[in-house]
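> based on what follows, work out the 3D shape:
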Amino acid sequence: MALVTAKKLKQERELLFLRYYSKFNAEFDVTGSSHNGCGISGSYYPNGRATPGIPANGRNKFHVGFENSREREFPEVGNAGRYGLYIYHPEQRHRWGDKFFPTGMVLPNSSKKNDFGPNFVSRPDIVRKLNRWYCHEIMVKLNKPGSRDGRIACWLDGKLIADFSNLRLRDINHSTSAFTSVGIRRRGSTTTTSSQRLPTSAR
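Next up is the predicted model:
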């Protein structure tokens, strides 16, 4: 099931902010893969089609999703899941992309530390509550090719909850932010899902 609002930007950007508002109704109950937030990407949707399972290599694409997830490996995480990033990047560990969490943990292979730079601040995981509105904002700053100066930051109700720097998202100039989306894509184990959304803004 998918319900998505998407926009292709008229002008590609190296720095992009996206803000949206969402509420998960009380019946929301999903484990496993559930893309249920927003995304910023470059060259991820050739001819309007997504390219899951094709790793980013620095020259073909990147994708960043800000969403909630309940992994089966962590049954203690409550509904509706903790906030984090779903990301395709040149150093991804799995063909289906990685997950970054505010603490600094990366999945898969959580025992392997990721280098987010000397100024990285580990922040606590946040599990969103059901049946209430949240204001979300994400910033994606692309790196200069050949440098590790990319950055992704996330805010919840105006508070910074995750900040990842020292990132390499591309190796060439023309891979820039050109596509944004907000919506829900549901897979995995589901009882009932429901979401309501207000209009979004990108700047």
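
> and the residue nearest in space to the middle of the chain, how far from Pro118?
Ranked by distance to the mean C-alpha position of the chain (Cα atoms, centre = their mean), the top residue is Gly65 at 1.9 Å. Here Gly65 is placed at a distance of 26 Å from Pro118 (Cβ to Cβ, to the nearest Å). C-beta coordinates here come from the backbone N, C-alpha and C atoms, glycine included.

> again with Ala162
For Ala162, the distance to Pro118 - Cβ to Cβ - is 17 Å.

> ok, those two, which is more surrounded?
The residue with more neighbours, out of Ala162 and Pro118, is Ala162; 24 against 7, by other Cβ atoms under 10 Å.

> looks to me like the more buried one is in a strand.
Yes - looking at Ala162 with DSSP: H, G, I helix; E, B strand; the rest coil, it is inside a strand.

> that one contacts Cys154, doesn't it?
Yes - the criterion here is Cβ atoms under 8 Å, and Ala162 meets it with Cys154 at 4.3 Å.

> before we move on, back to that, what about the residue nearest to the centre of the chain, which helix or strand?
Using DSSP states H and E, Gly65 maps to strand 62-69.

> helices or strands up against that strand?
strand 34-35, strand 38-42, strand 82-88, strand 133-141 (3 or more Cβ pairs under 8 Å, 6 or more residues apart in numbering; DSSP states H and E).

> what is the rounded mean pLDDT of the third one?
Per-region confidence: strand 82-88 scores 96 on mean pLDDT.

> helix or strand right after it?
Defined by DSSP H and E, the subsequent element after strand 82-88 is strand 98-100.

> low pLDDT regions in this structure?
The model of the chain has pLDDT under 70 over residues 1-4, 33, 175, 177, 179, 184-203.

> the same query, at a cut-off of 90, please.
For the chain, the stretches flagged by pLDDT under 90 are 1-13, 25, 27-36, 43-52, 70-80, 110-114, 173-203.

> what about the closest residue to Ile138 other than its chain neighbours, neighbour count?
The shortest distance from Ile138 to any non-neighbouring residue, by Cβ to Cβ, 6 or more residues apart in numbering, is to Phe66 (4.4 Å). Neighbour count of Phe66, defined by other Cβ under 10 Å: 28.
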